[in-house]
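1. Provided below are the primary sequence and the corresponding predicted coordinates.
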Amino acid sequence: MDTQQQKLALALALEAAHMTLWDAQLQDGNVTGSTVHWRAPGPALLGLAAEDLSQPYAEFLDLVHPADRDTVQRRMQAGVDRGDGYELEFRVIWPDTTVHWLTAKARVMFSAGGQPTGTLGMIWDISRRKAEARHLARQRELAEITLRSIGEGVITTDADGRTLYLNRVAEQLTGWTTELAQGVGIATTLRLVDEQGEQGAEQEHVALKCLRLRQTIAVTDHSLLVTREGRHIAVEESAAPIWSDENELLGAVIVFRDVSHERRLSRQLSWQATHDMLTGLINRSEFENQLAGALHSAKQEGHVHALLYLDLDQFKVVNDTCGHGAGDLLLQLLAKLLQTQMRDSDILARLGGDELGVLLPHCPPAQALHVAEDLRQSVKGFRFVWENRSFELGVSIGLVEVNHDSKSLSELLVAADQACYLAKERGRNRVHQYQESDSRLIQRHGEMLWVSRLTEAFRQQRFRLYAQPIVCLTAVGQPHDEVLLRLRDAKGHLILPGAFIPAAERYDMMLDIDRWVICSVCRHIQSMRDSLAPDQAYLDSRQRHPARYAVNLSGTSLNDDVLHDYIVEQFSRYDVAPDEICFEITETAAIANLPKAQEFMGKLKALGCSFSLDDFGSGLSSFAYLKALPVDFLKIDGIFVRDLATNAINRAMVKAINEVGHVMGIRTVAEYVEDEAILDQVRAIGVDYAQGYAVGPLRPLTAGRA
């Protein structure tokens with residue numbers, strides 16, 4: 001290759017590399033007095049015209065960024081003095097004030113006597129590379145800031161499961177810093193055990209499993225993190241692989257968070273779903289589950305068990321004379337007393353009010369009678385003292401054998417209830433074993449007693465409506481009233497619905513009662529409007545607020561095909577706006593026939609009515625079914641509210657229900673707000689409405705014919 005070809009090849013190589021040549025002649029080995037000579041397109045790198053091929057060193061230095069000038073001059077001179085040249089990056093400012101990055105690489109030329117006479121080098125623009133580097137650095141900085149700021153722990157590993165990085169939260173939770181954890185196996189820095197605190201021999205670490213399977217591992221919710229200090233923290237963790245652009249597995253990223261509060265609350269909710277809050281005994285729902293298991297073993301394996309139904313004979317006297325506080329203490333003491341009288345395998349439950357249930361597994365009738373008699377004697381011998389007053393108690397016990405011939409769970413419970421009823425009817429404080437003839441006797445007695453009394457109540461207009469205010473505790477929302485039903489007997493005494501509603505439900509009279517209430521409320525709204533002056537009535541009609549009256553509906557009514565038409569007819573008859581009525585239903589009634597309830601509620605909500613879910617929170621199923629029910633209000637079960645000021649678990653429960661309701665856009669109501677201490681707690685939690693004697697007593701609403 002001749003010289004011309006060599007020059008051409010060099011020019012092509014420099015052009016392809018976006019480089020150019022330059023040289024400088026030194027004066028006495030000093031760069032300061034030199035002159036810089038450029039090869040085209042060298043001047044363009046400085047923003048100069050193409051013909052500016054020579055510059056005094058001082059003019060070149062003026063184009064260098066002020067912050068880089070001293071460094072450029074010092075390193076150039078040092079390279080000449082050493083004789084091995086230099087390589088440096090620096091910024092130049094073009095005449096248009098834009099800043100560009102250049103890289104210069106030079107070698108020193110010497111005279112025959114070994115003195116430096118000049119420099120020869122290459123120079124090229126690296127502005128784009130610098131910009132990309134700054135962008136990547138910024139992205140990396142933002143990523144690290146994000147990882148440090150998020151509320152979850154993040155750890156990254158290499159492809160062999162060695163720890164590379166922990167964000168701030170991960171460092172706080174594990175006790176490891178990134179520096180200490182570098183290169184340490186992930187199973188050590190993020191040590192996970194199962195909830196029983198034992199390292200699972202078959203439990204593969206989430207990160208190692210992710211690397212082995214080369215796929216994302218979903219969230220697991222049964223792990224405990226063992227910190228570097230040995231503490232245990234409940235966590236949820238997941239892992240995902242990290243891939244390169246060439247689809248090479250680089251490592252894994254593990255995300256985990258502290259779920260101690262959620263898991264503790266879940267355990268509390270699980271316990272509360274199966275236990276009575278007052279006595280600590282299992283509740284009716286769980287007792288029925290246990291009884292169902294016993295019935296199954298009786299039918300499948302021929303085992304014989306016994307069911308006892310206990311009703312305290314003097315409990316109402318204690319409640320009425322000494323108050324609910326005394327009644328609650330009495331139940332707690334009796335629960336502990338009765339538990340000491342039974343085997344470890346026996347199951348004692350509170351079924352409601354002053355009613356208890358006992359399941360005696362593998363216990364024939366003769367032995368069960370002895371156990372029941374011992375329980376009766378224990379209660380009989382117990383003395384309850386309250387404020388210098390002493391009470392002698394008794395208990396009526398119904399006994400039912402659970403064997404291969406037992407028909408169903410519901411029939412067992414009914415039989416036990418009937419046996420207990422006969423024990424009370426025959427003098428109280430005794431044990432009665434169920435016989436087939438008892439059922440017919442109880443049925444005839446109930447039909448004669450309740451059907452006639454309820455029929456008479458309709459005929460003589462003895463039903464009465466009362467209202468209790470539901471007061472708004474926030475700036476948004478309007479107060480309204482819950483309509484409550486009472487029955488006035490022949491002597492003028494008011495009978496609470498708990499006494500006659502079960503019988504009305506049993507004997508298919510609830511639909512008539514619900515219709516009477518709906519009609520009476522609508523007529524009351526019309527009468528209240530008619531009593532106003534015409535101009536005030538008009539203003540009132542223009543300013544109606546939703547849910548002015550909350551009306552309870554039974555499960556029977558929810559399943560009635562024509563009740564919707566009846567309600568619409570009453571609205572039209574009494575000129576009632578649908579948004580003046582809120583229907584209250586219980587969760588049990590709603591989920592008994594969920595599709596029917598959803599259809600019924602949907603039709604009335606389309607008219608403008610609202611719905612409230614009553615006694616909410618008594619079971620975990622409440623949260624499961626809440627999304628399926630189009631309700632506007634949640635009435636938090638009074639069992640959690642009445643001792644809110646003194647019970648931390650109940651406060652947590654009320655707070656959880658309130659938060660769930662608000663997340664779903666549903667307003668919350670606290671029942672049984674009986675004093676200022678409870679009201680203060682309800683306000684502090686942020687519940688929307690309160691109902692109870694602390695915010696308003698009952699008052700008569702209407703008593704006329706429907």
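-> Cool, got the structure.

2. Low-confidence stretches in this structure?
-> 1-18, 137, 140-151, 196-202, 437-449, 506, 533-547, 618-624, 702-706 (pLDDT under 70).

3. Mark out where each domain of it begins and ends.
-> 17-126, 150-258, 276-434, 461-702 (automatic domain parsing).

4. what's the distance between the second one and the middle of its chain?
-> For domain 150-258, the separation from the chain centroid amounts to 25 Å (computed by C-alpha atoms, centre = their mean, to the nearest Å).

5. Tell me which of the domains of the chain lies nearest to R134.
-> In terms of C-beta to C-beta, the element of these nearest to R134 is domain 17-126, at 10.2 Å. Every C-beta, even on glycine, is put in place using the N, C-alpha and C of the backbone.

6. Now distance to V451 and mean neighbour count too, for the domains of the chain, in TSV please.
-> Output for these, formatted as TSV (distance: least, C-beta to C-beta, whole Å; neighbours: other C-beta atoms under 10 Å):
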stretch	distance to V451	mean neighbour count
domain 17-126	98	16
domain 150-258	53	17
domain 276-434	17	18
domain 461-702	6	18
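
7. now these as CSV including distance to R453?
-> CSV is the format used below for the domains of the chain (distance: least, C-beta to C-beta, whole Å):
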stretch, distance to R453
domain 17-126, 97
domain 150-258, 54
domain 276-434, 17
domain 461-702, 7
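
8. L265 is nearest to which of those domains?
-> domain 461-702 (6.1 Å).

9. how far out from the middle of the chain is the closest one?
-> 25 Å.

10. Repeat that for stretch 281-298.
-> 29 Å.

11. so the residue lying closest to R515 once chain neighbours are set aside is in which element?
-> Once flanking residues are discounted, R515 sits nearest to Y566: 6.1 Å by C-beta to C-beta, 6 or more residues apart in numbering. Y566 belongs to helix 563-573 when elements are defined using DSSP states H and E.

12. And that helix, what does it pack against?
-> helix 510-530, helix 594-607 (3 or more C-beta pairs under 8 Å, 6 or more residues apart in numbering; DSSP states H and E).

13. Apply 6 Å and report the result again.
-> helix 510-530 (3 or more C-beta pairs under 6 Å, 6 or more residues apart in numbering; DSSP states H and E).

14. The domains of the chain: which one's closest to Q268?
-> Using C-beta to C-beta, the domains of the chain put domain 461-702 closest to Q268, at 5.8 Å.

15. and the residue nearest to L249 when sequence neighbours are not counted, what are its phi and psi?
-> In this structure, L249 finds its nearest non-sequential neighbour in A159, 5.3 Å apart by C-beta to C-beta, 6+ apart. Note on A159: backbone dihedrals following degrees, to the nearest 10 are phi -70, psi -20.

16. Ok, the one 5 residues further on next?
-> As for L164, its main-chain torsions (degrees, to the nearest 10) stand at phi -110, psi -40.

17. you'd agree it is up against T156?
-> Yes - with contact defined as C-beta atoms under 6 Å, L164 reaches T156; the gap is 4.7 Å.

18. re earlier: check the spacing between the residue nearest to R515 and T556 real quick.
-> Noted for Y566: a distance of 13 Å to T556, by C-beta to C-beta, to the nearest Å.

19. tell me the strands in the stretch 151-300 of the chain, going along the chain?
-> Remark: strands assigned in the stretch 151-300 of the chain by DSSP state E, counting those that start in this stretch are 153-158, 163-166, 191-194, 217-226, 232-243, 249-258.

20. where do the helices sit along the stretch 601-706 of the chain?
-> 621-626, 638-641, 648-663, 676-685 (DSSP state H, counting those that start in this stretch).

21. The residue nearest to M509 when sequence neighbours are not counted: neighbouring residues, count only.
-> Leaving aside its sequence neighbours, M509 sits nearest to L454 (C-beta to C-beta, 6+ apart; 5.3 Å). Using other C-beta atoms under 10 Å, L454 has 20 other residues around it.

22. and L454, what helix or strand is that in?
-> helix 452-459.

23. and the direction of that helix versus that of helix 510-530, what angle?
-> 30 degrees (axes from the mean of the first three to the mean of the last three C-alpha atoms, to 10 degrees).

24. Pairing partners for the helix or strand just after helix 452-459, with directions?
-> Sequence-wise, the next helix or strand beyond helix 452-459 is strand 463-472, with elements assigned using DSSP H and E. Here strand 463-472 is paired, per DSSP bridges, with strand 480-488 (antiparallel), strand 689-691 (antiparallel), strand 699-702 (antiparallel).

25. would you list the ones you listed in TSV and tack on distance to W450?
-> Converted to TSV, these look like this (distance: least, C-beta to C-beta, whole Å):
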stretch	distance to W450
strand 480-488	11
strand 689-691	29
strand 699-702	24
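
26. who wins for proximity to V92 among those?
-> strand 689-691 (72.2 Å).

27. Using CSV, list the CA coordinates for stretch 399-408.
-> Extracted in CSV, the C-alpha atoms of stretch 399-408 (Å, rounded to 0.1, in the frame of the first residue of the first chain):
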residue,chain,number,x,y,z
LEU,A,399,-81.8,-33.7,76.7
VAL,A,400,-81.8,-35.3,73.2
GLU,A,401,-80.0,-38.5,72.1
VAL,A,402,-78.0,-38.2,68.9
ASN,A,403,-78.0,-41.6,67.2
HIS,A,404,-78.3,-43.3,63.9
ASP,A,405,-82.0,-42.5,63.7
SER,A,406,-81.6,-38.8,64.3
LYS,A,407,-82.9,-37.0,61.2
SER,A,408,-81.2,-33.6,60.8
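
28. Go ahead and confirm the residue nearest to L249 touches E248.
-> No - using C-beta under 6 Å, A159 is not in contact with E248; the gap is 8.3 Å.
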